[in-house]
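K.L.:
just a sequence and a predicted model for now, questions to come.
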Amino acid sequence: MNATPPLLSVQDLSIRMGGTKTNLVDGLSFDVGIGETVCIVGESGCGKSLTALALMGLLRTPPLHLNGGTALFDGEDLFRLPETQRRQIRGGRMAMIFQEPMSSLNPALRIGEQIAESVRRHQGASREAARTRALEMLERVRIPAAEKRLDEFPHQLSGGMRQRAMIAMAMANDPSVLIADEPTTALDVTIQAQILDLMRALQSETGAALILITHDLGVVAEMADKVVVMYAGRVVEAGPAASVFHDPQHPYTIGLMSSMPSLGARSEKLVTIPGVVPSPLAMPEGCRFQSRCPFAEPGCAMRPVFTEIAPDHGVACLRAPLEGTLDPGLRETGT
Amino acid sequence: MTAVTDPRTTADPTPAKSRSRFWSKFLANPAAILGGVLVLFFVTVAALAPILPIFDPTATDWLAVRKAPSAEHPFGTDEIGRDVLSRMIWGAQASLLAGVVSVAIAVLLGVPLGVLAGYARGWTDAAISRVTEALLAAPFLILAIALAAFLGPSLTNAMIAIGLSAMPIFIRLARAQTMAVMTEDYVESARAIGLGHIALIGRYILPNIFPPILVQSTLTIATAIIAEASLSFLGLGQQPPAPSWGSMLNIAKNFLEQAPWMALYPGIAIFLVVLGFNLLGDGLRDALDPRDH
């Protein structure tokens, strides 16, 4: 990865709510290479979605605002581009799909028109050309009877089909980065697998990079090249998926992995991480996980340095790298 | 394939056409149908006024002053022998025109201002909202009377006065609806495909705030018709000898004992047309309510 510069490089991204003293997203950094899939994992409220919105330039300002950081995309800092240029990029070279397919399509516009809208906006295509492109996209996302669906309204489509339509809309202009914010969370399990398959297929066809935001480690295991684990707005661990999955270093990552339900007979209770995420209004000094960490020690009151413990695999924990496995220990305190 | 496996499809009883769903709900509501029929009846009568075989509404007949209803004059005659039925039919034109035109003025001015306030927020919103609140602080009819008196008595000025007085309701409604639509996910996804303000407002906000505006318009037509009748009653609307229900009532009040029919029929007409628009508006609201879809 170090040979070619990354497609998108986020450095020290911080997002803050007006009038508060804590960053909701604090010093987030990660790189996305061409065609790569980066998964951002974390609990609800850890700043995953804020990160996505900030990259798209869709943060609601006020009350939210960027509090520093850069996002180099094709050599340009997204955060310093004027709004008109960002609008060119949005939906063009960078596209996004959202969590709620049921409500993310305009109920007053036909499916075909909504996809065509984006094509006409970015490719300056004629009405007919945009419609043809919309049809082509609906076929590519494998919507049955695409020709007919083109003239239907969103409420006539099922959730899975709407998410396909959203993907068609996002991919219509061949983006080089696709941000997907929990794209399968609102769908039932069988449809989830189909949507993930579809995204992977489209990605290999187009070579788009994918930033996948999820709290579902099953999805991460299936999709990710790189994983960024976030906790309370900070990266606690990041690295190649294989490395993070096989050798998780941060107590939070380990907790997440062991609280993952699996199929088959289980003898033990499902492991949970005790406690709750600290409120942004009462964020502890130093490591933000210390209140829930079974291995917390006085040193945790200092902000842990993000250290590389393996190639490209970094952890923000005082104790990293860990000697031996801590998994059984965590399990004891966890149950 | 997905349609079969997704439970949402089965949860939705009629995933087919929303238009037919609107009609089936609307037609299942007897009150709404009655309202529609009443409105349609008055509109037809008003539109057909020039070709109906009726007396000239301004022709006087000194041999038939204040005659009770008869075969020749089914609704009787007024104090200078004009046919009340004919004046009612021509008066329907004035009333409906006043209702529709003044609401059109209110919508065309109010909705853009409201959308602008709800979309831009900040000081734009503050400025528009404060003025709106100031206008709303004055009772609707008092404001209309004041404006009409200021503009001078005529039907056109009455319509402008009523339109301006009804405008704040539409500003408020459009603003609130815009703010609600702005929080919808599809507005976010529209922004995510890089759409600009004009496309966002024209294709995403306006179509989605249209149903409540339509309902409010229908209900406001009823109010505007009463307002026009009130202004005409006070001599600030339709000017004699042209007929209007309000001015007919104004004259009729002097002859309530001798010629009650002069007041009865315009009064009933106002009542029915207002009832019609109200029932129609309520019916539209129920049929367009997305919560039941």
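P.N.:
Arrived safely, thanks for sending.
K.L.:
low pLDDT regions in the stretch 1-150 of chain A?
P.N.:
Applying pLDDT under 70 to the stretch 1-150 of chain A flags residues A:1-3.
K.L.:
in it, which spans are strands?
P.N.:
Ranges of strands within the stretch 1-150 of chain A are A:8-17, A:23-32, A:37-41, A:64-66, A:70-73, A:76-77, A:94-97, based on DSSP state E, counting those that start in this stretch.
K.L.:
make JSON lines out of those and add distance to B:L63 and mean neighbour count.
P.N.:
The C-beta positions use only the backbone N, C-alpha and C, and glycine is treated the same way. Formatted as JSON lines, the strands of the stretch 1-150 of chain A follow (distance: least, Cβ to Cβ, whole Å; neighbours: other Cβ atoms under 10 Å in any protein chain shown):
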{"stretch": "strand A:8-17", "distance to B:L63": "84", "mean neighbour count": "20"}
{"stretch": "strand A:23-32", "distance to B:L63": "88", "mean neighbour count": "22"}
{"stretch": "strand A:37-41", "distance to B:L63": "93", "mean neighbour count": "26"}
{"stretch": "strand A:64-66", "distance to B:L63": "82", "mean neighbour count": "16"}
{"stretch": "strand A:70-73", "distance to B:L63": "91", "mean neighbour count": "19"}
{"stretch": "strand A:76-77", "distance to B:L63": "91", "mean neighbour count": "12"}
{"stretch": "strand A:94-97", "distance to B:L63": "82", "mean neighbour count": "28"}
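K.L.:
next, the angle strand A:37-41 makes with the helix or strand hosting A:T190.
P.N.:
Assigned by DSSP states H and E, A:T190 belongs to helix A:189-206. Interaxial angle, helix A:189-206 versus strand A:37-41 (axes from the mean of the first three to the mean of the last three Cα atoms, to 10 degrees): 140 degrees.
K.L.:
contacting residues around helix A:189-206?
P.N.:
A:35, A:37, A:140-142, A:159-160, A:163-164, A:167, A:171, A:174, A:178, A:180, A:183-184, A:187, A:208, A:210, A:219, A:222-223, B:2, B:5-6 (Cβ atoms under 8 Å, 6 or more residues apart in numbering or on different chains).
K.L.:
for chain B, which of the strands of the stretch 1-150 of chain A is the nearest?
P.N.:
Using Cβ to the nearest Cβ as the measure, strand A:94-97 is the one of these that comes nearest chain B, at 4.4 Å.
K.L.:
helices and strands around the closest one, which ones?
P.N.:
Secondary-structure packing of strand A:94-97 (3 or more Cβ pairs under 8 Å, 6 or more residues apart in numbering or on different chains; DSSP states H and E): helix A:48-56, helix A:159-171, strand A:177-181, helix B:185-192.
K.L.:
and chain A, what are its domains?
P.N.:
A:102-172, A:244-334 (automatic domain parsing).
K.L.:
do the helix or strand where B:L284 lies and chain A meet?
P.N.:
Assigned by DSSP H and E, B:L284 belongs to helix B:261-288. No: judged by Cβ under 8 Å from any Cβ of the partner chain, helix B:261-288 and chain A are separated, with a smallest distance of 12.2 Å.
K.L.:
chain center to that helix: distance?
P.N.:
From the chain centre to the centre of helix B:261-288 is a distance of 10 Å (Cα atoms, centre = their mean, to the nearest Å).
K.L.:
which strands and helices sit next to it?
P.N.:
Counting contacts by 3+ Cβ pairs under 8 Å, 6+ apart, helix B:261-288 is packed against helix B:18-27, helix B:30-48, helix B:84-120, helix B:206-233, helix B:245-252.
K.L.:
on that earlier part again, closest to A:P280 out of the helices and strands packed on strand A:94-97?
P.N.:
For these, the distance to A:P280 is smallest for helix A:48-56, at 11.0 Å, taking Cβ to Cβ.
K.L.:
for chain B, see how far away A:L256 is.
P.N.:
Distance of A:L256 to chain B, given as Cβ to the nearest Cβ, to the nearest Å: 27 Å.
K.L.:
by contact count, what packs against the helix or strand following the helix holding A:T190?
P.N.:
Elements were assigned by DSSP H and E; along the chain past helix A:189-206, the next helix or strand is strand A:209-214. With contacts defined as 3+ Cβ pairs under 8 Å, 6+ apart, strand A:209-214 has these neighbours: strand A:37-41, helix A:48-56, strand A:177-181, helix A:217-223.
K.L.:
got a list of contacts for stretch B:128-140?
P.N.:
Residues contacting stretch B:128-140 (Cβ under 8 Å, 6+ apart): B:113-114, B:116-117, B:143, B:146, B:165-169, B:171-172, B:175, B:223, B:227.
K.L.:
go with 7 Å
P.N.:
Stretch B:128-140 is contacted from outside by B:113, B:116-117, B:143, B:165, B:168, B:171-172, using Cβ atoms under 7 Å, 6 or more residues apart in numbering or on different chains.
K.L.:
out of the residues you listed, which one sits closest to A:E147?
P.N.:
Nearest to A:E147 among these, with distances taken as Cβ to Cβ, is B:L116, at 39.2 Å.
K.L.:
list the contacts for that closest one?
P.N.:
B:124, B:128.
K.L.:
look up how far B:G194 lies from it.
P.N.:
22 Å (Cβ to Cβ, to the nearest Å).
K.L.:
A:D247: neighbouring residues, count only.
P.N.:
By other Cβ atoms under 10 Å in any protein chain shown, 15 other residues sit near A:D247.
K.L.:
can you pull the phi and psi angles for it?
P.N.:
phi -140, psi 60 (degrees, to the nearest 10).
K.L.:
A:Y252 reaches A:V236, doesn't it?
P.N.:
Yes: counting by Cβ atoms under 7 Å, A:V236 is a contact partner of A:Y252 at 5.1 Å.
K.L.:
returning to what we had before: the strands of the stretch 1-150 of chain A into TSV, with extra columns for distance to A:G299?
P.N.:
Output for the strands of the stretch 1-150 of chain A, formatted as TSV (distance: least, Cβ to Cβ, whole Å):
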stretch	distance to A:G299
strand A:8-17	24
strand A:23-32	19
strand A:37-41	26
strand A:64-66	31
strand A:70-73	31
strand A:76-77	35
strand A:94-97	39
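K.L.:
indicate which one of the ones you listed is closest to B:G276.
P.N.:
strand A:94-97 (47.5 Å).
K.L.:
can you redo the helices and strands packed on strand A:209-214 as TSV with distance to A:I15?
P.N.:
As requested, these are arranged in TSV below (distance: least, Cβ to Cβ, whole Å):
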stretch	distance to A:I15
strand A:37-41	14
helix A:48-56	5
strand A:177-181	15
helix A:217-223	23
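K.L.:
now those in CSV, with distance to chain B?
P.N.:
As requested, these are exported to CSV (distance: least, Cβ to the nearest Cβ, whole Å):
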stretch, distance to chain B
strand A:37-41, 17
helix A:48-56, 6
strand A:177-181, 9
helix A:217-223, 18
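K.L.:
so for A:P298, which of the ones you listed sits nearest?
P.N.:
It is, among the helices and strands packed on strand A:209-214 and with distance given as Cβ to Cβ, strand A:37-41, at 28.6 Å.
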